[in-house]
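Undergrad: Build me a model:
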Amino acid sequence: MATFFQQNETVLVFAHGVVLFALGFAAWLQRRRATRFTLTSSLIWLASYAFLEALVIWGFVFIPIQSTYLAPSAIHALVVLRAVLQSVAVVFLLQFGLRLVPWTRQRLRAFSVASVIAWVAIMISATAAAGNLGWNVLEWEDTTAALSRYVFLIPGALLSAYGMWRQRDELTRSGMVGIRPYAALAAAALVVYAVVGGIIVEPAPWAPGGIANESGWFATTGLPLAVLRGLVALALLLAVIKLLDIFEVEAKQQIETLDRARLVAEERARFGRDLHDGTIQSIYASGLHLEAVALNTDDADTREEIRRVVGSLNATIDGLRGYIRGLQAPDGGPAGIASDLDRIVHDFADDSHVEVTFRVTGQESCGPLPEDAGQHLAHILRESLANAARHAGPCAVSVRLTFRPDEIDLVVADTGQGIRDEIAGEVTPGHGNGLRNMHERARWLGGRIVIEPGPSGGTRVVLAVPLDDVESTEMPATRQGIATEVMS
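TA: All right, here's what the predicted structure looks like:
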């Protein structure tokens, strides 16, 4: 068997690269689709890793072939390029794992910067060691590859496995129980890959010997490491392909959301007509009757009391008419949403005497908006401002609304006393009613809302809503609950 593997080593290595390329290609095709899941929105990093790793593996096939045609200096340049791509690839895998874990934005940014610094340190230290110890270019490549796998691939694969495992709960909450096992399969494959891809490394001059070395592994087991890594990559490919069904399920939910939105709109229109033609007219007729009674009575006190009742009825009519206009009023696009939020900010500043700044960008480049986006954004902004007034203490508040072709971002930041650790992170249904409602509205829009410490203290509420050719969605139970709330 060992002889068979040796004779077909080139074919096996090439097949390993094909599997990784297919993994990257499958994830890359879905990169522009809107999604509310952290997993699917982060797949671009896994795709980048798989593409680069495939190129590196194919390099082990094609560079030896080119050595018979190209000058040694050109071959050395290709080997250096292969080493750089391999080290960058595992950094991308680490970035994928980091994004599956619910860090705050500041902590995620810090880890990302630290990974870049670590990558530069590896390249510099390996180059310095090669110059001092007289290593050739292949020994330098093995050193950078082994160091990169220890520093980046092991934590990257383990973080990705943990993040994949966590996604099972999110899939369950969204009614995608059939996809849940494939997240567990992907997590298991990534744990195995942390061992065969991170602990067992290339035979670098300083790397451990024995079974923790690629040559020692083959001598002990008779199984090439490329075959084992390829099988693990194949399991990960199958799991990711099934996880990509999330997009199809979301698309079906989007269609269902559009149907429900149409029914809600029709019900609103009917409700408004009934209020206008029935309730308002009845109240108006009662007011006229009372005015007639007031004109025919000689008791001044009774007449004054009747007029106060009529005034109250007129105010009720005005309130009902305003409610009807609210039922019929569209969001007005990005400009209308920005105007409504600006009005909310100014009203809050006037009432609370808190210094508030409001900034809007990108209105002209905004993509298609979800149904009732303006209403949900307005409610989330009101709750965020109210929380700042209640809990932040003396502070200033900034509100930033950013429209992009593929996303809307709403950030409400204060300079107050900060947020308790148990509240920081993604808002979940276990928190108070206000936070729970914000969470539900964000999910209705297909987005994600996070509460985190501000970079200079205080608290930030960050809402990100993906945009696509059709409106975002939410699971039927949540939609039904909000639809009921709207109509009640």
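Undergrad: Now Ser125: closest residue in space, sequence neighbours ignored.
TA: Leaving aside its sequence neighbours, Ser125 sits nearest to Leu147 (CB to CB, 6 or more residues apart in numbering; 7.7 Å). Bear in mind the C-beta positions are built from the backbone N, C-alpha and C, glycine included.
Undergrad: and if you look at Ala338?
TA: Closest to Ala338 by CB to CB, 6+ apart is Val360, at 4.5 Å.
Undergrad: how far is stretch 7-26 from where the chain is centred?
TA: Counting by CA atoms, centre = their mean, to the nearest Å, stretch 7-26 is centred 30 Å from the centre of its parent chain.
Undergrad: Tell me which other helices or strands the helix or strand encompassing Leu288 touches.
TA: Element membership of Leu288 [criterion: DSSP states H and E] is helix 281-296. Counting contacts by 3 or more CB pairs under 8 Å, 6 or more residues apart in numbering; DSSP states H and E, helix 281-296 is packed against helix 300-328.
Undergrad: Now do the helix it packs on: which elements does it pack against?
TA: So helix 300-328, by 3+ CB pairs under 8 Å, 6+ apart, packs with helix 245-274, helix 281-296.
Undergrad: Give me the mean pLDDT for the last one.
TA: Within the predicted structure, the mean pLDDT of helix 281-296 is 82.
Undergrad: now swap in the longest one and tell me
TA: Looking at helix 245-274 alone, the average pLDDT works out to 73.
Undergrad: tell me how far it is from the chain's mean position?
TA: With CA atoms, centre = their mean, you get 23 Å for helix 245-274.
Undergrad: And stretch 189-203, by the same measure?
TA: In this view, stretch 189-203 has its centroid 28 Å away from the chain centroid, taken as CA atoms, centre = their mean.
Undergrad: Also stretch 130-140?
TA: Worked out by CA atoms, centre = their mean, stretch 130-140 lies 43 Å from the chain centre.
Undergrad: and what of stretch 19-33?
TA: 18 Å.
Undergrad: Run through the strands of the stretch 351-488 of the chain in chain order.
TA: With DSSP state E, counting those that start in this stretch, the ranges of strands along the stretch 351-488 of the chain come out as 355-361, 396-403, 407-414, 425-426, 448-453, 459-466.
Undergrad: Mean pLDDT lowest where, among these?
TA: Across these, strand 425-426 gives the lowest mean pLDDT, at a mean of 49.
Undergrad: which of the helices and strands packed on helix 300-328 is buried the deepest?
TA: Comparing the helices and strands packed on helix 300-328 by mean neighbour count (mean count of other CB atoms under 10 Å), helix 245-274 comes out on top with a mean of 15.
Undergrad: now for that helix, which elements pack on it?
TA: helix 38-41, helix 300-328, helix 476-487.
Undergrad: Contacts only, for Pro455.
TA: Gln106 (CB atoms under 8 Å, 6 or more residues apart in numbering).
Undergrad: Mind listing the residues bridging to it?
TA: Counting by DSSP bridges, Pro455 is bridged to Gly457.
Undergrad: Going forward, the N-terminal residue is numbered 46.
TA: All right, first residue 46 from here; so that's Pro500.
Undergrad: measure it to Gly461 for me?
TA: For Pro500, the distance to Gly461 equals 14 Å [CB to CB, to the nearest Å].
Undergrad: For the most centrally placed residue in the chain, which residues are in contact?
TA: Geometric centre of the chain, nearest residue: Thr83, 4.0 Å, by CA atoms, centre = their mean. By CB under 8 Å, 6+ apart, the residues touching Thr83 are Arg144, Leu145, Pro147, Gly208, Gln212, Glu215, Arg493.
Undergrad: Looking at those, which are in strands?
TA: Arg493 (DSSP state E).
Undergrad: Helices - which of the contacts of Thr83 land there?
TA: Among the contacts of Thr83, the members found in helices (DSSP state H) are Arg144, Leu145, Gly208, Gln212, Glu215.
Undergrad: So which of these sits lowest on pLDDT?
TA: Lowest pLDDT within the ones in helices among the contacts of Thr83 is found at Glu215 (79).
Undergrad: Just the pLDDT at Ala469, thanks.
TA: Each residue has a pLDDT score; the one for Ala469 is 48.
Undergrad: now do Arg427
TA: Model confidence at Arg427 (pLDDT) stands at 88.
Undergrad: ditto for the one 4 residues further on
TA: Among the per-residue scores, Ala431 shows a pLDDT of 86.
Undergrad: My guess is it contacts Gly479. True?
TA: Yes - between Ala431 and Gly479 there is a contact under CB atoms under 8 Å: 7.3 Å.
Undergrad: now the contacts of Thr83 as a markdown table including distance to Thr48?
TA: Compiled in a markdown table, the contacts of Thr83 are given as follows (distance: CB to CB, whole Å):
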| residue | distance to Thr48 |
| --- | --- |
| Arg144 | 44 |
| Leu145 | 42 |
| Pro147 | 50 |
| Gly208 | 41 |
| Gln212 | 43 |
| Glu215 | 48 |
| Arg493 | 54 |
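Undergrad: Give me the buried subset of the contacts of Thr83.
TA: In terms of neighbour count (16 or more other CB atoms under 10 Å), the buried residues within the contacts of Thr83 are Arg144, Leu145, Gly208, Gln212, Glu215, Arg493.
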